[in-house]
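[1] Model the following, please.
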Amino acid sequence: MQAEERQFRIEEHLQKAEFVSLDELAELLDVSPSTVRRDLTVLESKGTVRRTHGGARVVSPKSDEFTFATRDTHQLDEKESIGRACAQLIRSNQSLILDAGTTVFHVARHLESKSPQVITNSLPVANLLASNPRVEVLVSGGMIYPRLGVLVGPLAVEAFSKLHADVAIMSSGGITLDGITNSHGLLIDIQRAMIQAAQRVIFCLDHTKFDRRSVSFLCPLDEIDVVVTDRLAPSPLLADLRERGIEVVLT
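    Sure thing, here's the model as predicted:
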């Protein structure tokens, strides 16, 4: 593959994912990380890409498809009912990891009565809970991606790798029998650290995420304890989850 074609594919992929890790691009293009670095240097000189620690981000996205505000308008009723049902699974005074998904934001809206300690890399979640005297909020470090409302990068990964929580409440771009996937490569390492830090892992997924694969693999199904979803989720896949010992909560 010629350099021009690689660089076109990098730009095309970044327009879809907005930011990606170096390793993800190397795997996508089937080249070495050093080759990707050279391509990113060329693209950065053109002003279309900005390099970050461990990856790259697009400078001018073509759409707002991945912004937090836009994503939160999708399946809004389902997200709200899933958020309410998930919050009911939480016991008082538990420590909770909340990721930056829009469905998880709706969980946060219903946590006040639980008086939890919340650990998050989500700016919308932190802003929602920051002034609530019944909730203690710990925000990870990391680089801010304002359009996504999320803290990412090595500092965020390190923060979660040094913590322990009773429950991790998470979201993703897709779930199949092969496992959980997500749309943004730079979120994967953070989410893996969240899973490792938690005693119990809950995924909140509306029906559109079922039988769907996103760009990056996150984890196998045996790392999940509970899936909270709406009643439009496909029954065969829900039955398979139950057979694997995963608790399924329908709203």
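[2] which stretches of the stretch 1-150 of the chain have low pLDDT?
    16-18, 60-75 (pLDDT under 70).
[3] So the closest residue to residue 93 other than its chain neighbours versus residue 101, what's the distance?
    Nearest non-adjacent residue to residue 93, counting by CB to CB, 6 or more residues apart in numbering: residue 115, 5.6 Å away. Bear in mind the C-beta positions are built from the backbone N, C-alpha and C, glycine included. Here residue 115 is placed at a distance of 23 Å from residue 101 (CB to CB, to the nearest Å).
[4] Comparing the two, which residue is more hemmed in?
    The residue with more neighbours, out of residue 115 and residue 101, is residue 101; 27 against 14, by other CB atoms under 10 Å.
[5] any idea which helix or strand carries residue 92?
    For residue 92, there is no host helix or strand (DSSP states H and E).
[6] Thought residue 112 was touching it, still the case?
    No. Checked against CB atoms under 8 Å, the pair residue 92 and residue 112 is beyond contact range at 11.2 Å.
[7] Please say which of these two ends up with more neighbours.
    Applying other CB under 10 Å to residue 92 and residue 112 shows that residue 112 carries more neighbours, namely 14 against 8.
[8] do you know how far that one is from residue 27?
    For residue 112 relative to residue 27 (CB to CB), the value is 42 Å.
[9] Then residue 127?
    For residue 127, the distance to residue 27 - CB to CB - is 35 Å.
[10] So for stretch 95-114, what gets flagged as buried?
    By 16 or more other CB atoms under 10 Å, the buried positions in stretch 95-114 come out as 95-108, 110-111, 114.
[11] Please disregard the earlier target; I meant stretch 232-251.
    Under 16+ other CB under 10 Å, the buried positions of stretch 232-251 are 233, 237, 238, 241, 246, 251.
[12] Of those residues, which one scores lowest on pLDDT?
    Among the buried residues of stretch 232-251, residue 251 has the lowest pLDDT, at 92.
[13] I'd say it and residue 80 touch.
    No. Under the contact definition of CB under 8 Å, residue 251 does not touch residue 80, with a separation of 9.1 Å.
[14] contacting residues around residue 31?
    1, 6 (CB atoms under 8 Å, 6 or more residues apart in numbering).
[15] Residue 156 - how many residues pack around it?
    24.
[16] so it sits in a helix?
    Yes. Read with DSSP: H, G, I helix; E, B strand; the rest coil, residue 156 is one of the residues of a helix.
[17] if I pick the nearest residue to residue 171 once chain neighbours are set aside, what's in contact with it?
    Among residues not flanking residue 171 along the chain, residue 101 sits closest, at 2.7 Å (CB to CB, 6+ apart). Contact analysis of residue 101 by CB under 8 Å, 6+ apart lists 122, 170, 171, 172, 204.
[18] What segments of the stretch 151-251 of the chain are strands?
    165-170, 174-176, 179-182, 198-204, 216-219, 226-229, 247-250 (DSSP state E, counting those that start in this stretch).
[19] number of nearby residues for residue 151?
    22.
[20] make that residue 158, sorry
    What residue 158 shows, counting by other CB under 10 Å, is a neighbour count of 15.
[21] List the contacts of it.
    residue 141.
[22] which residues does residue 58 bridge with?
    residue 49 (DSSP bridges).
[23] how many neighbours does it have?
    20.
[24] mind listing the helices in the stretch 1-150 of the chain by residue range?
    In the stretch 1-150 of the chain, the helices defined using DSSP state H, counting those that start in this stretch lie at 3-17, 22-29, 33-46, 68-71, 76-87, 102-108, 123-129.
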